[in-house]
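> based on what follows, work out the 3D shape:
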Amino acid sequence: MSLYRTVFRQRHALLPVIHVQSREQALRNAAVARSAACDGIFLINHGIPFDNLLKIHQAVVGECPDWWVGVNCLDLPPSEVFQHLTAEVAGVWVDNAEIDEQGARQGRAEAIRAARSESGWQGLYFGGVAFKYQRPVEELEQAARLAARYMDVVTTGNWTRCACRR
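As a prediction, the model looks like this:
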């Protein structure tokens, strides 16, 4: 059984993204998501540094200790984020998991995997492929197959950047 299926037994999980501005706003938004029966949430930083985001994450987990709460630290490179995570961080999402569907080797994705392994962190890793500001992906299926070797959940978005859009 995959790590994802161990954590989320149902086929699909609803994990809204909260763009964190403050502790109070994150707690308020988390309460809304929880009352709507979401499976968990992601906290993402835009205007605050990652260390503040991780402190706010601790506050949310303190209020909802039995709920899945992940983070996306936009101001950290993917290979560095794992060294800052505690066991309470249920998941980490990176916008760019460094997958190149045209490359024979995935050196950057391998470096991220090594950093995760070295950290000892045991949560779910969501990696972005064909996502937002990345280069257009020529072969999305190939990119997803490659990505599945390096992360627990392949995350994609903004299909206008995907050259294979149908």
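> host element of the spatially most central residue of the chain?
Geometric centre of the chain, nearest residue: Trp93, 1.3 Å, by Cα atoms, centre = their mean. Using DSSP states H and E, Trp93 falls within strand 91-94.
> keeping just the C-alphas, turn the helix or strand following that strand into CSV.
Remark: after strand 91-94, the chain's next helix or strand is helix 107-119, criterion DSSP H and E. In CSV, the C-alpha atoms belonging to helix 107-119 read as follows (Å, rounded to 0.1, in the frame of the first residue of the first chain):
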residue,chain,number,x,y,z
GLY,A,107,19.6,14.6,-11.0
ARG,A,108,17.7,17.4,-9.3
ALA,A,109,14.8,15.2,-8.4
GLU,A,110,17.3,12.7,-7.0
ALA,A,111,18.9,15.4,-4.9
ILE,A,112,15.5,16.3,-3.4
ARG,A,113,14.8,12.6,-2.7
ALA,A,114,18.2,12.3,-1.0
ALA,A,115,17.5,15.4,1.1
ARG,A,116,14.2,14.0,2.2
SER,A,117,15.8,10.7,3.1
GLU,A,118,18.6,12.3,5.0
SER,A,119,16.1,14.4,7.0
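> list the buried ones in helix 107-119?
If you call a residue buried by 16 or more other Cβ atoms under 10 Å, then helix 107-119 has these buried ones: 108-109, 112-113, 115-116. C-beta coordinates here come from the backbone N, C-alpha and C atoms, glycine included.
> any chance of those residues in a markdown table, with distance to Arg11 and pLDDT too?
As requested, these are exported to a markdown table (distance: Cβ to Cβ, whole Å; pLDDT from 0 to 100):
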| residue | distance to Arg11 | pLDDT |
| --- | --- | --- |
| Arg108 | 31 | 95 |
| Ala109 | 26 | 96 |
| Ile112 | 27 | 97 |
| Arg113 | 26 | 97 |
| Ala115 | 30 | 97 |
| Arg116 | 25 | 97 |
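> for the residues you listed, which one is nearest Val71?
Of all the buried residues of helix 107-119, Val71 sits closest to Arg116, with 14.0 Å by Cβ to Cβ.
> am I right that that closest one is in contact with Gln83?
No - at 9.7 Å, Arg116 does not count as touching Gln83 under the criterion of Cβ atoms under 8 Å.
> all strands of the chain, in order?
When assigned using DSSP state E, the strands of the chain occupy the ranges 17-20, 40-45, 68-72, 91-94, 124-128, 153-155.
> can you pull out the low-pLDDT segments for the chain?
The chain contains residues with pLDDT under 70 at 158-166.
> can you list the domains in it?
1-75, 95-166 (automatic domain parsing).
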